[in-house]
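1. Predicted model follows, preceded by the sequence.
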Amino acid sequence: MLLHRIVIAVFSVIFLSSANVGHAEEMSGRQIMDEVADRQERPYEYEVQSMVLTDKGGSTEKRQLRRYVRKGEDGNFKYLIVFHDPVGVRGVALLTWQNKDKDDDQFLYLPSMGKQMKRIAKGGKRNYFMGTDFSFEDLILESRDKFRYTKLPNETIDGQEHFVIDAEPEDKELRATTGYKSRRLWIRKDIFFIVRIDYFDRRGRYIKRQISEELKQVDGKTWRAEKITVDNEMEKHKTAVEISSRSFAETDVPSENFRQRFVTSGKHIR
């Protein structure tokens, strides 16, 4: 009787595993992206990051920054990025408010320009942010309803199977302002985490590649990369980001942090 139960249990595990694999194979590109969001998005997140910029001559510049993320009651996310080292960029901040039905709002604060935040124009979001290889639009959480996701054949990289998806802007307003014709994403099939993104400009030319490494399971199905590198082939430039510390506590990202007044008053510098 015991052996019979063990055999049934083993076959049940095999059946459920096969069913899960089959379900994953049947998922559309949009369904895969929805699953990525469901697993990886957290309502509150705070990170301390170190950044190294490397130009084509091999010269480097190091920076330290903080990143705040908070999901509002309306389901939209707000972000605040603050540089605190070196002195030349201390206090520079980028505030982002996500909007699902219209263009996202982004405001740049430069302490040298007085106590005003500059709104980033729609077309300006394709520009690079503070000399990094991240454009302003790269720093906004993707509104999936504004994109078309095409699933391509899976690929195996370093023994891990990956979904491969092409993401193209479908929203008319976004198509007119984005700097990208498309992006190609590689997503770890076992954990639904994006590990690589290739970017192509409005003419379809390859621009850069973003790689997420040193993956860590932080809570349940949620994973994070401890290192993110963007290798910009077009600009011959590289940006490497390492996470020094991270928190998912609501108290670390109070709602007041995402108001313009919080930044212009200097409270964001600590």
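-> On my side now, so go ahead. Numbers count the residues shown, from 1 in each chain.

2. which stretches of the stretch 1-150 of the chain form strands?
-> For the stretch 1-150 of the chain, the strands defined by DSSP state E, counting those that start in this stretch cover 44-54, 60-71, 77-85, 93-97, 105-109, 117-119, 147-157.

3. Any idea which of these gets closest to Phe136?
-> Nearest to Phe136, of all the strands of the stretch 1-150 of the chain, is strand 105-109, at 5.7 Å by Cβ to Cβ. Bear in mind the C-beta positions are built from the backbone N, C-alpha and C, glycine included.

4. Which neighbouring elements make contact with that closest one?
-> With contacts taken as 3 or more Cβ pairs under 8 Å, 6 or more residues apart in numbering; DSSP states H and E, strand 105-109 sits against strand 93-97, strand 117-119, helix 260-264.

5. would you turn those into a markdown table with distance to Ser244?
-> Listed next are those as a markdown table, based on distance: least, Cβ to Cβ, whole Å:
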| stretch | distance to Ser244 |
| --- | --- |
| strand 93-97 | 18 |
| strand 117-119 | 26 |
| helix 260-264 | 22 |
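
6. which stretch among the ones you listed comes nearest Glu226?
-> Glu226 lies closest to strand 93-97 among those, at 22.2 Å (Cβ to Cβ).

7. What pairs with the closest one, parallel or antiparallel?
-> Strand pairing for strand 93-97, determined by DSSP bridges: strand 77-85 (antiparallel), strand 105-109 (antiparallel).

8. who wins for proximity to Arg148 among those strands?
-> With Cβ to Cβ as the measure, strand 77-85 is the member of the strands paired with strand 93-97 nearest Arg148 (21.6 Å).

9. For that closest one, list the C-alpha coordinates in PDB.
-> Coordinates of each C-alpha in strand 77-85 appear next as PDB, following Å, rounded to 0.1, in the frame of the first residue of the first chain:
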ATOM      1  CA  PHE A  77       3.900  53.500 -10.100                       C
ATOM      2  CA  LYS A  78       6.000  56.500  -9.000                       C
ATOM      3  CA  TYR A  79       9.800  56.600  -9.000                       C
ATOM      4  CA  LEU A  80      12.500  58.800  -7.600                       C
ATOM      5  CA  ILE A  81      16.200  58.600  -8.500                       C
ATOM      6  CA  VAL A  82      18.600  60.700  -6.500                       C
ATOM      7  CA  PHE A  83      22.400  61.100  -7.000                       C
ATOM      8  CA  HIS A  84      24.400  61.700  -3.800                       C
ATOM      9  CA  ASP A  85      28.000  61.200  -5.000                       C
END
